[in-house]
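Q: structure for this input, please:
(chains A, B and C)
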Amino acid sequence: MASVVRGVFKAMREKGLGNFIKEIRDEGYLKCLSDGNLLQTKIHNIGATLVGVDKFGNKYYEKLQDTQYGRHRWVEYAEKGRYNASQVPPEWHGWLHHITDHTGDELLMLKPKRYGAEHRENLSGEGEQYIYHSKGHALNPGRRDWTRYQPWQSKDN
Amino acid sequence: MLPAVARGAAKRLLGIRALLRPSPPIAAASASRSFSTALNYHIDSPDNNPDVPWEFSEANKEKVKEILSHYPSNYKQSAVIPLLDLAQQQHGGWLPVAAMNAVAKVIEVAPIRVYEVATFYTMFNRTKVGKYHLLVCGTTPCMIRGSREIEEALLKHLGVKRNEVTKDGLFSVGEMECMGCCVNAPMITVADYSKGSEGYTYNYYEDVTPKRVVEIVEMLRRGETPPVGTQNPDRIRSGPAGGNTTLLREPKPPPCRDLDAC
Amino acid sequence: MGFVLRALRRSKPFLQSQLSRRSPNPTPLRWISSTSALSKPESSAAAEPEPVPAPERPRTPVGGARLHFASPAEAIEVFVDGYPVKIPKGMTVLQACEAAGVDIPRFCYHSRLSIAGNCRMCLVEVEKSPKPVASCAMPALPGMKIKTDTPVAKKAREGVMEFLLMNHPLDCPICDQGGECDLQDQSMAFGADRGRFTETKRSVVDKNLGPLVKTVMTRCIQCTRCVRFATEIAGVQDLGMLGRGSGEEIGTYVEKLMTSELSGNVIDICPVGALTSKPFAFKARNWELKGTESIDITDAVGSNIRIDSRGPEVMRILPRLNEDINEEWISDKTRFCYDGLKRQRLNDPMIRGPDGRFKAVTWRDALAVVAEVAHQVKPEEIVGIAGQLSDAESMIALKDFLNKMGSNNVLCEGNGPSLLADLRPNYLLNSNIAGLEKADVFLLIGTQPRVEAPMVNARIRKTVRATQAKVAYIGPTTDFNYNYDHLGSGPHTLLEIAEGRHPFCSTLLSAKHPAIIVGAGLFQRQDFLALFSAIEAIAKFGKVIKPDWNGLNLLLLNAAQSAALDLGLVSNHNESIPSAKFLYLMGADDINLEKLPDDAFVVYQGHHGDKGVYRANVILPSAAFSEKEGTYENTEGCSQWTVPAVPTVGDARDDWKIVRALSEVAGVCLPYDNIGAVRARIRMVAPNLLSVDERESSTVSVEMKPPFAEKLSLAPFRKAVDNFYMTDSITRASKIMAQCSATLSKK
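A: Residues are numbered from 1 along each chain as shown, chains lettered A, B, ... in the order given. From the prediction side, this is the model:
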């Protein structure tokens, strides 16, 4: 704990107070007060190795000592408010879930870029446009016409 | 780079279109099939379409009557094969669709029943053939004795493909299956349509060699009739070359059983 | 977990006794026991089942086949898989097996076509025969011992199947026959999972057979069913078997469309996907479809059909077996009119505004307007016309409603000005469609059955082929698909025959079962009564009506006609229409409205925007035959029901319900609220309409006719149907029928 406090003071000294407060806000330390998960992640981060940062800014940490095996890799999301697991891009997914020991950066180098689709976060439940509506639903923009007959139109109309 | 690709693609397309074009389908199909006329459907052409008038000649009308008299009056359709043969001889060796329709009219059946028969038998030619239709036997004994070389020699000499008619309309080369001359293999048959159905001949030339067939073709071109049968001067008909090697004297009669002994 | 299992197994005897004590009638509880328990000798002995007798073979004939013995002496006995079965002499081995309840696989054999024996799939083993026998072509002999499930038979069929699959493409996933394919089904039983054929497969050029039949000839297995169907049933000798060996193919040789009114049936009889329906191609899979057994109303025959639907859509129409009416065929019009059910539909009640435009309104408003106008005119100025597709329920409702309004001018289109509706034999096909097979001389008067009723024509053709029956025809030149004598074109010839001056008279007199078929197109003639009495004179002269045979037939044109005559929808439209002020058209499109006064108010109740709506003031949408329950009587007086297969469109309602609702708004409420009550009302008028699938025999013709005043005009007969493919509002709306009439009908 003492080292933490010492580190804080050190950083304050180096960056100046304004910058320090800005960084605290950006890094989500303020959110920690209301978000226990984030706080715990931040505490975990102390002494851990930063293995890599992906293109979205998510930080991947590893700590091999003093952690339970199987809980030694984790991610700190770049998005501090509405983070969720689908924000991890596929190249980091394998490393994070212990499927492979290659980090995402390595995998990006190893694998040819074959698939064009950019990784997108799963936005289900995040707003009206992302709610699934059935094919005949009035709110579905590509609404299917289920009318299977063609009505008569009088010629004079 | 790009124009080269485009040109290549265009060439390819043209090639495919040339293959798909209906005008020379006979040649395209005959590459894979060995029948005299491989297509099982009719394609209209100026000399072969249902509107071309076609009738038996006066002389042949008598023959038609004669052929029909072989069959009971309610089974006229039995005469379909002899009548088609007659029509083919009259029409210079091949059957246009109008001729088949005429046969159908004579035997009082639907035209399709005649088409069925004409497409079934390979000796009915449904596309134009030469005045001399040369048929090379392609069955195993002849093939072993070199029928492929003979066909090659013929095609090379005449400058045509199989089932194609030479420019002067005199010759065409086809393939026929076993004609029963295996002992004198290889052999070719010459169907001679140059003299109409009266002087129609169908001659076998056996023991031919690539050199000999060319000679035969040239003789035919000159209007001569080469001697039929074996072309090997050492052989007499199907006998062995250079005289008999067996049966040199009168065979012994079989020993008679002594009937009294039993 | 393992412990629990072990404990359970240990306690099994105890538990079992507990359970069995609790229930007096212990259900056999199944225990999962390990193999070690089973391998114990005592337990396995207990578990061994009783020696079961060999399972009794189903003795019921396949497909409900019926056996007719001409005399007991004709019966012979054969043994099928050891079971004796008695069959009539002359049956084939395959039929004997069917009678014994054994289904023999087959491709080329079809019970209604001649025997070809070229697919070899039906091979069976016959004792003392050196080789397997093609059962479809082998007559059964007395005492024959047929074995259908021996290794020899199985091996023979497997060999045949391997040869068939050799050149058959593996395109079941994109084949429309998939799921109802004989080859697919039988290859499940006899096909190998791999082939030994390593060459390239044969491919065949597809043929163009017209807008109805799609061909993928590479799939063809050369069963020649289609060739035999075209030659024998349809009577168009266009198809044939061309080439030989592996180059063999079905085709027409010269470019030709299949111009038969029965061509759609080759789709059904093709055992593989070589001939499939062109309009149905890639639309649906057959297992997605719901089949509804209904009847066809595009002509007066009432062919039995199955309407296959998916959701709210009719996807296709197939024939249903009915030996008495359509056997197993249907006409192309019946089969392919279904897309007319989806086009030009009336889905909202509409009123023509003062500007001459139609506006969609609610039922309440539309009915109120109609009722108001109906009360403003004089009762005798109200006229109702039932259309050719109307069912009996709606016609009785219409008649009751207009009668309550005080009018008696209710008629059905197609029924002419003067008709003999008093006696049913005067307007029915009295010898029945199936009975026509007995006839030996046909006299067709003013009818072209090939376009008016293709199924009747198929029956006549069958008779002509089987018994060389003679056909004579009086009417305009037309084409038949059998031999016929064209006697003349008008009443002149009719008179000659009636007076015995015509050479045909001797043929008629020498016939045992002469059949006269009169076309309903003659109903439109002013002199129909005179004409009919001339025909009756011929019938009397030719002894056409005998105690056991009534050969005087009328061939009706429309599905509604005979029911309308039964229900008494008879009035003269020449008299009623010029004086009409309120015209109620119930699906009537082919009525001539030229003489209608300009100020007449026209209500059109129907399902299609066809000819009738253009003169209408109010449109009331109703359900089509695929969407409602209705009674239809066919031309032989046999009533049948349609069954709703799909929901109706938009705001449309059943015809009789609309009339019933209108009657209530108009203040003359009809006393029925459901279809049962309507039928109870029909029972009072025409009870025969309710006896479904029955034909009331009508050999007795009572000769009590009012004297007629018209003179026979000598104008020649005209064709009743100009375009076979477009005869009613449904077929006129159909795109497929439009294509057919553009390409197939003769110019």
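
Q: could you look up the SS state of B:Cys142?
A: helix (DSSP: H, G, I helix; E, B strand; the rest coil).

Q: what does C:Asp348 give?
A: coil.

Q: that one and C:Asp355, how far apart?
A: 18 Å (Cβ to Cβ, to the nearest Å). C-betas here are computed from N, CA, C, even on glycine.

Q: of those two, who's got more company?
A: Using other Cβ atoms under 10 Å in any protein chain shown, the more surrounded residue of C:Asp348 and C:Asp355 is C:Asp348, with 20 against 7.

Q: how near is that one to chain B?
A: Note on C:Asp348: its distance to chain B, by Cβ to the nearest Cβ, to the nearest Å, is 51 Å.

Q: tell me who's in contact with the residue nearest to that residue when sequence neighbours are not counted.
A: Once flanking residues are discounted, C:Asp348 sits nearest to C:Ala360: 4.0 Å by Cβ to Cβ, 6 or more residues apart in numbering or on different chains. The contact partners of C:Ala360, taken as Cβ atoms under 8 Å, 6 or more residues apart in numbering or on different chains, are C:Asp348, C:Pro349, C:Met350.

Q: tell me the bridge partners for C:Ala360.
A: Using DSSP bridges, the bridge partners assigned to C:Ala360 are C:Met350.

Q: and it, how far from chain B?
A: Distance, C:Ala360 to chain B, using Cβ to the nearest Cβ: 53 Å.

Q: so where's the chain shaky on pLDDT?
A: Chain wasn't specified; assuming chain A. A:1, A:4, A:113-116, A:125-129, A:156-157 (pLDDT under 70).

Q: think we crossed wires, I meant chain B
A: In chain B, residues with pLDDT under 70: B:1-38, B:261-262.

Q: which residues in the stretch 551-700 of chain C form helices?
A: Using DSSP state H, counting those that start in this stretch, the helices of the stretch 551-700 of chain C run over C:561-567, C:573-576, C:655-665, C:675-685.

Q: any chance of a markdown table for the ones you listed, columns distance to chain A?
A: Shown next, in a markdown table, are the helices of the stretch 551-700 of chain C (distance: least, Cβ to the nearest Cβ, whole Å):
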| stretch | distance to chain A |
| --- | --- |
| helix C:561-567 | 25 |
| helix C:573-576 | 25 |
| helix C:655-665 | 17 |
| helix C:675-685 | 24 |
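
Q: ok, of those helices, where does mean pLDDT dip lowest?
A: Note on the helices of the stretch 551-700 of chain C: helix C:573-576 shows the lowest mean pLDDT, a mean of 78.

Q: show me where chain A has its helices.
A: Counting by DSSP state H, chain A has helices at residues A:2-15, A:17-26, A:36-45, A:90-96, A:104-110.

Q: mind listing what's buried along the last one?
A: For helix A:104-110, burial by neighbour count (16 or more other Cβ atoms under 10 Å in any protein chain shown) applies to A:Gly104, A:Asp105, A:Leu107, A:Leu108.

Q: tell me the contacts of the closest residue to the last one other than its chain neighbours?
A: Closest residue in space to A:Leu108, ignoring its immediate chain neighbours: A:Glu91 at 5.2 Å, by Cβ to Cβ, 6+ apart. Contacts were defined as Cβ under 8 Å, 6+ apart; by that measure A:Glu91 touches A:Asp54, A:Gly104, A:Asp105, A:Leu107, A:Leu108, A:Lys111.

Q: still on that earlier bit, out of the helices of chain A, which one sits most buried?
A: helix A:90-96 (a mean of 19; mean count of other Cβ atoms under 10 Å in any protein chain shown).

Q: ok, now how distant is the residue most central in space within chain C from C:Thr635?
A: Chain C has C:Ser303 as the residue nearest its centroid, 2.7 Å off, counting by Cα atoms, centre = their mean. With distances taken as Cβ to Cβ, C:Ser303 is found 11 Å from C:Thr635.

Q: same thing with B:Cys178?
A: With Cβ to Cβ as the criterion, B:Cys178 and C:Thr635 are 61 Å apart.

Q: just to revisit the earlier point, for the buried residues of helix A:104-110, please prepare a markdown table with the additional fields distance to C:Ala600.
A: Formatted as a markdown table, those follow (distance: Cβ to Cβ, whole Å):
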| residue | distance to C:Ala600 |
| --- | --- |
| A:Gly104 | 83 |
| A:Asp105 | 87 |
| A:Leu107 | 84 |
| A:Leu108 | 83 |
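
Q: which of those sits closest to chain B?
A: Nearest to chain B among those is A:Leu108, at 30.6 Å by Cβ to the nearest Cβ.

Q: got the domain ranges for chain C?
A: C:62-149, C:352-417+C:561-695, C:430-555 (the TED database).

Q: next one: chain A
A: A:9-39, A:46-137.

Q: what about the first one, start to end distance?
A: Using Cα to Cα, to the nearest Å, the gap from the first to the last residue of domain A:9-39 comes to 19 Å.

Q: could you do stretch C:242-251 as well?
A: 7 Å.

Q: what is the neighbour count of B:Glu149?
A: Neighbours around B:Glu149, by other Cβ under 10 Å: 13.

Q: quick one: buried residues of the helix or strand where it lies?
A: Under the criterion of DSSP states H and E, B:Glu149 resides in helix B:147-158. Residues of helix B:147-158 classed as buried by neighbour count (16+ other Cβ under 10 Å): B:Ser147, B:Ile150, B:Glu151, B:Ala153, B:Leu154, B:Leu155, B:Leu158.

Q: the second one against B:Tyr205, yeah?
A: No. The pair B:Ile150 and B:Tyr205 fails to qualify as a contact (Cβ atoms under 8 Å) at a distance of 10.1 Å.

Q: what's the overlap in contacts for the two?
A: B:Ile188, B:Val213.

Q: sorry, back to before: could I get the domains of chain A as TSV with distance to C:Leu444?
A: Below are the domains of chain A laid out as TSV (distance: least, Cβ to Cβ, whole Å):
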stretch	distance to C:Leu444
domain A:9-39	92
domain A:46-137	54
